[in-house]
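# What follows is a protein structure lacking sequence information:
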C-alpha cells in the first residue's frame, strides 16, 4: 500500500494550518540565514581589506590610537630577525563640505614593495606634469593616491584637487593616481609618510609597523625575541588578529539576532505541534483504520513525523532563498553591520554559502520533526479499537500534557542562568530561554486545568457552556493556546528588554551630557584636535560660562585583545559626574584614580580599590580603580581619567571635545556660531544635547529594527494559529454544534460560544506568554546582554503597551475563532447529528 499520498496529502487538505506552520519556519530560517549571510559577507570583506593592508607581513607592531615613537622602527629594522620593516601612520580625515571620510595611510615607499605591494601607488599621466614630477609623484607632500572605489565615491579623478581637514585646518591635496592593488576599498588613500606626519601634526609618530621576518624564522620565536624591545602598551600581533577581533566584536550581536530567529523557529515548531495534534484528532478514525488493516505502530509514527519533516523541509528551503534576498536588502539598507556600527564603511558582496544553507535547512526540518513528535507518539500509542470507538475530540479533550517534564525544564533554567559565558557567549542563558519556553508549553494543559477550576459556571448559556467546555476539555484550549504563548512570550520578552535598554540609554545620555552645548573637532575618527591655544580661544568666547575639555585615545592592555578606550575629562574625587554602578572608592592622596566601565569589570576582573598598571605615553603607570561606570558606547571597555591627571602623566595638553555651559541669558545659537568661528576653518562641529540624544536613539532604533519586524510577524502568526486551531476544532465538533442547535441554541449563541472559547484559549496563552516572556526578558537583561555586551540596564516594563497588546490580541483571537467556526455553524443541524442515529 502506498502511504505517501495518504499522509503527505493530508497537508494539502488542511492548507490553513500547514501554511501557518510553513510560514513560521520560513520566518525563522529566513531571519537566521539573513543574519548569517550578512555577517559572513561583512567579515569576508573586512578580512580581505585587512589582508590588502598587511600584505605579506608576518607580524605587526600595534599600539594606542594616538600612536607611538617612530624611534622603535629604527630599532626593529636593525634586528637580524627582521628582513623588512614598513612603518605606517594611519589617520582618518574628512572632506571639507561633506561627510565623506578617508582612511589615509602614510607609507614609506622605499619599504612598501617588500611588505605590502598591493598598496603601491600608480601615478597617473597628468597634463602639464614634467618628467621629474611624474617620477617622484608618490613622494610629493601634497599628492594623494585614491583607490578606484574612493574616486567613485568622492567623484574625483587624477588631477583633481581634494580639500580635506588636517586636524582643524583645511588642506588641499591633488589626486595624483590610483591604487591598482586595492581598488575596491571606498575610503582608502595613500600618501608619503613624511607628508602625513607633517600635515596632520604627527611628527615622530607611527601607528603601526609591518614586519616581514627572515626566511626560516617562525612568528612565535620572533615575537618572544622582539617583545622586550617594545614600550608599554605596544604589542606584536599576527596580521589576522584584527580580523578575529572584529569577528568576536560582532559575534555577540550576530548570535543574539540569530537567537531571535531561533525563537521564531521554535514558534514554528510549536505551531507544527498544534497543527499535528489537531490533525491527529480529526483523523483518528482514519489512522485507527490503517492500524486495524495492518499498519504497524512504528510505521504510523514514522509517517506522522514525515508530515512535520516535509513542512520543515519546504519551509526551510523557501526560508534560505528568502533569507538571501533579505540579506541583500539589509546590506543595501543597513550595511554589513546590520545597523550596529561594527563594519561601517564596508561594501560587502553577498555570496551563497552552501554549508550554512544546508545547516539552516536541517534546522527547519528539525523544527518540523520536533513539533510533530509528541502528536505522532500519542497517535501511535492508542489502540485501534479504542480509537475507532472514540469521538473526534475525545483524545484531545483528555490530553493533560507533560507537566512533569515541563516543570523539570522550567526549574532547570534557573541554574543555567548562573553559568559563566562559554567562548564569550551566554550559552547558559540561551539554554535557559529554551527550557523556559518549552517547559511552559508542556505545562500549558495544567495551566488550563487550573484556570478551568476557577471559572464560574454561571451567567448566560454561552458563558456556562464555554466554562464547562474548558473544565471538561482543557487540552483543547491548551493546543489552541500553544502558538499564542510562544509568540506572546517572544513579543513580551523583546518589548521589555528593548524598552529597558532604550530607557537606560536615554537616562545615561542625560547623565553624560549635562552641558548646554557640545563641540568636537570634526567627525573623523582621528586627526581633529583642539590645540591648547584654541582651547583658550574657546573659553574666552562671549556667552561661555564654563568649558570642560575631553581627550580621547585607546590603550592596548594585552596582546591579541581589542583596544580599550581612554577618556580624560574633569572628574570629581567621588565621580558624581559619572553614571556610577555602585559606590565610589576613596583614593588616597598622591594616588591616581581611574574609573572603569562594566566591560573591564567583567573581562579583566578589576574591582574598586584594585591597583592596576596602565600604559601611558610609552611607560606603565600605577593607578587605583575608584569605581565602575556604565558605558553603552564602547563594548570592549573604557577607562576614565581626570583630565589634569592625564596631562600630568602624558604631557599631552590637546583635546578633541568640549562641553560648554552658557552664561545666564546667553543665546545658544549665537554662541554656537561664535565657537565655530573661533576655529576659523569650519572644522568645529557644535551641537546641543537634544540633537545628540535624538541621533543616538535613532541609531538605537535602527539597530533594533530587525527585532520589531520579528515581533510583528510573531503576533500575526500567533493570531493565525488561533484561527487555524479553532477552524480544526470547530470541524471536529460539528455534531456537538448540531446537537446544540437541536436543543435550541441559535447560530448567534454558538458564535458567542466560539468567541468566548477563543478568548479563554487566547487568555491562557497570553497569561502564560506574558509570564514566560517576563522571565525570558530578565534572562536577556541580566544574563544574555551582560555576558554578550558587558553592560547592565535598569528594568523598565512597558505596562501600558503590554496591557493594550494583550487586550487587543484577546479580542482579535475571539474574532478569529468566530470567523474560523462559521463553516461549522452553517451546517444543517439534522445533517450534523445524523451520524449518531
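It's in. Please read all numbers here as calculations on a predicted model, not as lab measurements. Numbers count the residues shown, from 1 in each chain.
# Residue 615 should be in a strand, yeah?
Yes - Residue 615 sits within a strand when classified using DSSP: H, G, I helix; E, B strand; the rest coil.
# tell me, how many neighbours does the closest residue in space to it that isn't next to it in sequence end up with?
Excluding its sequence neighbours, the residue lying closest to residue 615 (CB to CB, 6 or more residues apart in numbering) is residue 233, at 2.6 Å. (Glycine included, C-beta is placed from N, CA and C.) Using other CB atoms under 10 Å, the number of residues around residue 233 comes to 22.
# thought residue 233 was touching residue 66?
No - judged on CB atoms under 8 Å, residue 233 makes no contact with residue 66 at a distance of 9.9 Å.
# got the buried residues for the helix or strand harbouring residue 552?
Assigned by DSSP states H and E, residue 552 belongs to strand 544-555. Neighbour-count burial for strand 544-555, counted by 16 or more other CB atoms under 10 Å, picks out 544, 547, 548, 549, 550, 551, 552, 553, 554, 555.
# what's the spacing between the first one and residue 680?
Distance, residue 544 to residue 680, by CB to CB, to the nearest Å: 17 Å.
# can you give me phi and psi for residue 520?
phi -140, psi 160 (degrees, to the nearest 10).
# Could you shift the numbering so residue one becomes 21, and keep it that way?
From this message on, residue numbering opens at 21, which makes the last subject residue 540.
# residues contacting it?
548, 676, 677, 678, 704, 705 (CB atoms under 8 Å, 6 or more residues apart in numbering).
# Which member of those residues is positioned nearest residue 353?
Closest to residue 353 out of the contacts of residue 540 is residue 705 (26.2 Å), distances taken as CB to CB.
# so what secondary structure elements neighbour the helix or strand hosting residue 348?
In this assignment (DSSP H and E), residue 348 forms part of helix 317-353. Helices and strands touching helix 317-353, by 3 or more CB pairs under 8 Å, 6 or more residues apart in numbering; DSSP states H and E, are helix 24-33, helix 35-74, helix 261-302, helix 304-312, helix 374-401.
# Is residue 165 part of a helix or strand, or is it coil?
What three-state DSSP gives for residue 165 is strand.
# shouldn't it be in contact with residue 158?
Yes - assessed by CB under 8 Å, residue 165 is found in contact with residue 158 at 7.1 Å.
# shared neighbours, these two?
141, 143, 196, 197.
# Dump the residues you listed to a markdown table, plus secondary structure.
Output for the shared contacts of residue 165 and residue 158, formatted as a markdown table (three-state DSSP):
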| residue | secondary structure |
| --- | --- |
| 141 | coil |
| 143 | strand |
| 196 | strand |
| 197 | strand |
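# Show me which pair in those residues is furthest apart.
Farthest pair in those, by CB to CB: 141 and 196, 7.5 Å.
# Now do the domain split for this protein, please.
Listed by automatic domain parsing, the domain ranges of the chain are 21-75+268-410, 78-258, 414-534+711-857, 537-707.
# got the ones you listed as JSON lines, with mean pLDDT columns?
Listed next are these as JSON lines, based on pLDDT from 0 to 100:
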{"stretch": "domain 21-75+268-410", "mean pLDDT": "73"}
{"stretch": "domain 78-258", "mean pLDDT": "89"}
{"stretch": "domain 414-534+711-857", "mean pLDDT": "78"}
{"stretch": "domain 537-707", "mean pLDDT": "90"}
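# those strands in the stretch 671-820 of the chain, which residues are they?
Assigned by DSSP state E, counting those that start in this stretch, the strands in the stretch 671-820 of the chain fall at 677-682, 704-707.
# cool, and the stretch 521-670 of the chain?
Using DSSP E, counting those that start in this stretch, strands in the stretch 521-670 of the chain cover 537-541, 564-575, 584-589, 613-617, 631-636, 639-649, 658-662.
# One more: the stretch 121-270 of the chain?
121-127, 142-143, 163-166, 181-186, 189-198, 208-212, 225-226, 228-233, 255-257.
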